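Visitor: coordinates only, sequence not included:
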């Protein structure tokens, strides 16, 4: 069994973006309907999990955020590992521009948020990180809707940029949102990771052992106070790239291909449904112009496009690399706009950065993320659609 080609991966991500949009819309509709009390009771309903000495009580939102989303980061980690060893990130000549674009696309939005909130309460510890990330599923879905006449290099460039962006996001999450770290569970997580690394040398190891190892790493990390997203990525790095037997696909490919559809069509839409819903009741102009909301909107919509496009332009001008093959600067700008679609990743960081009890701040984060993502998607699709039409006219004239 061979690994899905990159374009198949892109198709899954693009289709997932449409489902994510439907899940978010459903959350907003239900949260502002007669069923709103049931919706909020559901996402905040506590329940306990107890397996032997492990016991944890949390509400549905937290279980999805700290539990199921760890599987998402496990898949992200495997994609990062593959691309770093065998894919786009393994080629230094192709690596420089998308990595610089990812850095610019994280730094400028953060500075934009901080400038907007200068001298004011930022809304929570690490809230400046909310506009620094890109939702690859949404961005690829938007790109696929207008990409008929555009070069395929734009898709690969966006995927490579997003992988680098994801790696940076995991680093931010680990640094900003790991509090009150407990050493003994952390040592247990380290021991479980070492066991998974050793397991990788046993070519015929049952897949169940990897699942048990991941569960142990996750459980110890949860108890340690470190973000479980870090556990997901580190566990992914222990999965071997090589095959179990000659002629078979690698363990990493098997896990990535097997888990990715469940993450894309199940876990991420569920997270969007439980995290995106907020009530419009009581919303005033002050909510739209609050420093927290404005910082997120300007960071994602303005900061992202300036950071990504500026980094690409600077890298190409300095001779550090090339822009996507066959792409025009207008198309690169349109792609930069799409990077402002933060959605699930921004909501995830917002849920970590803001106290769950501060409903007003949480709603302002959701409002800012939704508005900025819609603006970025609409503007990016408009620019790329116009660029595609111009390309078609040039092709018709033979220019």
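Guide: Cool, the structure landed. No experiment lies behind these values; they were computed from the predicted model shown.

Visitor: where does the stretch 1-150 of the chain have low pLDDT?
Guide: Segments of the stretch 1-150 of the chain classed as low confidence (criterion: pLDDT under 70) are 1-15, 87-91, 93, 121-125.

Visitor: which residue ranges form the helices in it?
Guide: Assigned helices in the stretch 1-150 of the chain, in chain order: 6-31, 36-43, 60-63, 69-85, 92-116, 136-146 (criterion: DSSP state H, counting those that start in this stretch).

Visitor: quick one: the helices in the stretch 251-399 of the chain?
Guide: Listed in chain order, the helices of the stretch 251-399 of the chain (DSSP H, counting those that start in this stretch) span 251-262, 268-276, 285-288, 291-298, 304-317, 329-338, 343-353, 359-397.

Visitor: circling back to that earlier point, just send the helices of the stretch 1-150 of the chain back as CSV, with mean neighbour count and distance to residue 198 too.
Guide: For glycine as for every other residue, the C-beta is placed from the backbone atoms N, C-alpha and C. Compiled in CSV, these are given as follows (neighbours: other Cβ atoms under 10 Å; distance: least, Cβ to Cβ, whole Å):
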stretch, mean neighbour count, distance to residue 198
helix 6-31, 19, 30
helix 36-43, 14, 39
helix 60-63, 18, 30
helix 69-85, 22, 17
helix 92-116, 21, 31
helix 136-146, 24, 32
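
Visitor: among the ones you listed, which is nearest residue 348?
Guide: If you check each of these against residue 348 by Cβ to Cβ, helix 69-85 wins as the nearest, at 6.5 Å.

Visitor: that closest one - contacts with which helices or strands?
Guide: Using 3 or more Cβ pairs under 8 Å, 6 or more residues apart in numbering; DSSP states H and E as the contact test, the elements touching helix 69-85 are helix 153-176, helix 228-237, helix 251-262, helix 268-276.

Visitor: the first one: which residues count as buried?
Guide: So that's helix 153-176. 154-170, 172-174, 176 (16 or more other Cβ atoms under 10 Å).

Visitor: repeat for the last one
Guide: Judged by neighbour count (16+ other Cβ under 10 Å), helix 268-276 contains these buried residues: 268-269, 271-276.

Visitor: nearest to residue 206, out of the helices of the stretch 1-150 of the chain?
Guide: With Cβ to Cβ, the closest approach to residue 206 among those belongs to helix 69-85: 17.9 Å.

Visitor: ok, residues contacting the closest one?
Guide: Judged by Cβ atoms under 8 Å, 6 or more residues apart in numbering, the contacts made with helix 69-85 from elsewhere in the structure are 89-90, 160, 163, 166-167, 170, 214, 218, 228-237, 239, 241, 252-253, 255-256, 259-260, 262-263, 267-268, 271, 348.

Visitor: now the angle from it to helix 228-237?
Guide: Put simply, helix 69-85 runs at 40 degrees to helix 228-237, going by axes from the mean of the first three to the mean of the last three Cα atoms, to 10 degrees.

Visitor: what angle do helix 69-85 and helix 153-176 make?
Guide: If you take the same axes, to 10 degrees, helix 69-85 sits at 120 degrees to helix 153-176.

Visitor: what's the angle between helix 69-85 and helix 92-116?
Guide: 140 degrees.

Visitor: and the buried residues of helix 268-276, which is closest to residue 298?
Guide: Comparing the buried residues of helix 268-276 against residue 298 with Cβ to Cβ places residue 276 closest, at 20.4 Å.

Visitor: can you select the buried ones from the contacts of helix 69-85 in PyMOL?
Guide: Isolation of the buried members of the contacts of helix 69-85 (16+ other Cβ under 10 Å) is achieved in PyMOL through the command below:
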select buried, resi 89+160+163+166+167+170+214+218+228+229+230+231+232+233+234+235+236+237+239+252+253+255+256+259+260+263+267+268+271+348
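
Visitor: any idea how far stretch 343-358 is from the chain center?
Guide: How far stretch 343-358 lies from its chain's middle: 13 Å, per Cα atoms, centre = their mean, to the nearest Å.

Visitor: typed the wrong thing, it's stretch 37-54
Guide: Computed by Cα atoms, centre = their mean, the separation of stretch 37-54 from the middle of its chain amounts to 25 Å.

Visitor: pull up the distance across it, start to finish.
Guide: Between the opening and closing residues of stretch 37-54 lies a distance of 32 Å (Cα to Cα, to the nearest Å).
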